[in-house]
Structures are given as structure tokens and as C-alpha cells.
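1. have a look; sequence and predicted model below, questions after that.
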Amino acid sequence: MNFELISTDPQSNARCGRITTDHGVIETPIFMPVGTVGSVKGVYHRDLSSDINAEIILGNTYHLYLRPGLDILNRAGGLHRFIHWDRPILTDSGGFQVFSLAENRKLSSDGCTFSSHIDGSRHTFTPENNVDTQRKIGADIIMALDECCPGDADREYAAKSLKLTQNWLERCIRRFDETEALYGYSQTLFPIIQGCVYDDLRLKAAEHAVGFNREGYAIGGLAVGEPTEEMYRIIELLHPVLPADKPRYLMGVGTPENLLEGIARGVDMFDCVMPTRNGRNGMLFTWNGRINIRNQKWADDFSPIDENGTSFVDRYYTKSYLRHLFVAGEMLGAQIASEHNLAFYLDVVRQARIHIATGDFLSWKERAVQKLSGRL
């Protein structure tokens, strides 16, 4: 993997770049649709690559490991071939999913033992077998195994958690460097920087991770219960420590406003389930603010879903029709809303790239955030 820094904003830490992988080029800042089990919920791959123009999608190691399982994925020739997707893929190590199973998992210096949410069977992730698992899944960019520390953890717990994550990172890197990719293309390992909301722990984590000189770095453990301003503060704190010539990935974040504020603070890559999850529940993101499409006010509104939108669903469907589909319980409504939201998120980062390149990103961002955070 290669990263090229193309332009920077003179008034903020925002920047444009280009990631090149064996499966294609990714223009940054970028939003990555979440395809947890090998599918972005309710969206055809055809639409992801054509109308939405997703340059990279995510898979999740925890879920893919449990189902369909590594044997199937390996026999298929890796996740790209299994799901018929020829663009880049990133996989999360599953650390966040294991974190969410707090009552059904046990952490130790060796790794993490957890119960399957499917059938209750017991499994163990170690740094070594987690790398092996992601080798078999075959994503272009893979994550090191970490513990996702709760946002409200006290400092003692956060310090203990970070020590565990750092130990696991060292073992992940060792395993990654002594093994090879399986399917004829290269893979890249990103460390994950943890440390909760404690400045010294975050800086310690970043300096430790940077010492391994990897191709990119992820910022984890944010948007997990801490105030939004704390998240922004931590990103700002890490900016001067992380190498300028490597991409920064803010994991699991967030709203369109979060994306723009993250970009202003130097973040290059984002992912979140919000566009599809909220879309399935009738919440649409538009350039004029959020819409609850179930509201009666849209019943006879025959205007496009988003007058300023760039997706084909914005051109083909009206608010009135989409509301009708939701009220009638038609699955097409959730699909249209999901595709609209994903296209909107990709348009947000696309517009950000344009304004970074033209040098007026900060003033544009301030105006955009004010509109995006409103409700129609």
C-alpha cells in the first residue's frame, strides 16, 4: 500500500491524499461503507460501485470468522472473490465486537475468549490467530487486535487496557511480518491507537505505534461514550505525533458533522453503520439537514429526496413516494434510504476534497456543519 499526500488546507489540518492498493486507488478523505458480514445491508454491489462509487468497503473479522467461516472464505479465494467485489476492502480485527460482548468474554495477556452471539460456542482470538484469520479473509488493509476501552473508563483501567493492546500489537506485527498474503496481492496492517480520553495514554500509544513504521494508523476507542468534544480534542492531540505521510483512520465515526470536524483535524479515513442503520429506520441525511421520512409533512411533497443530492435515488424518487414505502412497510423504502445516505456520505467527503484543494475548506465546513446538524 502506498499513500501520497496531495494537498493541505492552509487554515486547518485537513488534507487530501491518495491511497494505492492492489485492488485500486482510494482518494482521501474517504468514507468507507460498512459491510460487516460481506454485504452492505440492503445495497447491491452494483450500486455501491456505480452510483454510490464506494472506493473501499469494510468487513468484520469477528462476524466473518463465525459465519461463513474461514474454510469457506479460503476455498472461495478470499473475501473479494466470495462477494464479487474487485475494489479495496478493510477488515476490523473484531476488537470492538468483542468489547460489546462484555458479559460473554474474558481478556488475558494471551488474548480474548468469547462466546459466539450465534450459538454460544466458545472461541479465542490471540494476536497471532487474529492475523492468520485476516490473512484468510484477505482484506487489503487489516487491523491489529486491540481492546476497545469504554469511553468512561477510569484511568487505572485505561492504562491496564492500553498495556494489553500494546502487547498484542507487538505480537500482531511480528506475526504479520513473518507470514505472507494468501491470494496473490499484498496486505497492510494498521496499528490501533487506544488510551481512552487520557492525554498521556493516547500520546504513549501513538508514539509506541509510530515506532513500528507501518503504512497507516487507526484511532480507536472514540465515539464509545465520551463527549463529542473530547473526541475532537483527542484527534487534535494526536495530529502532531502521527506521521504526515501516512493515512489516519478514525474508527466507527460518525455523523456527517463528525466527518467534517475529523477532516479539519487531519483524519483521512472514516467508517460508520449510521448511513444504512438510520436509513433503514427512515432517517435521511441531506445537504439541508436531517429528514424523518415517516413524518406526515412529507406525504404530498413531490420534490426530490435531496434537491442538492448527486445520487440516482435523489433524481428518481420523491419524498412522498419514499414516505409511502416506509408507511406501507415495503423493503424498497429501506433500500432507497440506505443508498441515498451512503451516496450522501460519499458526497460529503468528495466536497471536502474539492474545498481542501481550492483552499476554502474551513469556511465551507463551518457553513456545512450548521446546515447538516439541523432537522427539516
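-> Great, that's in hand.

2. pLDDT score for the nearest residue to residue 13 once chain neighbours are set aside?
-> Sequence neighbours aside, residue 266 is the residue nearest to residue 13 in space, at 3.8 Å (criterion: CB to CB, 6 or more residues apart in numbering). Backbone N, C-alpha and C define where each C-beta goes, glycine included. We have a pLDDT of 98 for residue 266.

3. now the phi/psi pair for residue 266, please.
-> phi 100, psi 10 (degrees, to the nearest 10).

4. can you name the residues that contact it?
-> 13-15, 235, 239, 242, 248 (CB atoms under 8 Å, 6 or more residues apart in numbering).

5. ok, and the most crowded of those?
-> residue 248 (27 neighbours; other CB atoms under 10 Å).

6. for the stretch 51-200 of the chain, which segments count as helices?
-> 61-66, 70-76, 79-83, 95-100, 127-137, 155-177, 199-210 (DSSP state H, counting those that start in this stretch).

7. a markdown table please, covering these and showing mean pLDDT, distance to residue 6 and mean neighbour count.
-> What follows is the helices of the stretch 51-200 of the chain, written out as a markdown table (pLDDT from 0 to 100; distance: least, CB to CB, whole Å; neighbours: other CB atoms under 10 Å):
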| stretch | mean pLDDT | distance to residue 6 | mean neighbour count |
| --- | --- | --- | --- |
| helix 61-66 | 96 | 31 | 23 |
| helix 70-76 | 98 | 35 | 14 |
| helix 79-83 | 98 | 27 | 19 |
| helix 95-100 | 73 | 30 | 21 |
| helix 127-137 | 98 | 29 | 22 |
| helix 155-177 | 97 | 28 | 19 |
| helix 199-210 | 98 | 22 | 19 |
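
8. out of those helices, flag the one nearest residue 120.
-> helix 61-66 (11.3 Å; CB to CB).

9. can I get the helices of the stretch 51-200 of the chain in JSON lines with distance to residue 43?
-> Listed next are these as JSON lines, based on distance: least, CB to CB, whole Å:
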{"stretch": "helix 61-66", "distance to residue 43": "17"}
{"stretch": "helix 70-76", "distance to residue 43": "21"}
{"stretch": "helix 79-83", "distance to residue 43": "12"}
{"stretch": "helix 95-100", "distance to residue 43": "21"}
{"stretch": "helix 127-137", "distance to residue 43": "20"}
{"stretch": "helix 155-177", "distance to residue 43": "31"}
{"stretch": "helix 199-210", "distance to residue 43": "33"}
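
10. mind listing the strands the helix or strand hosting residue 26 pairs with, and their directions?
-> Assigned by DSSP states H and E, residue 26 belongs to strand 24-28. Looking at strand 24-28 with DSSP bridges, its partner strands are strand 15-21 (antiparallel).
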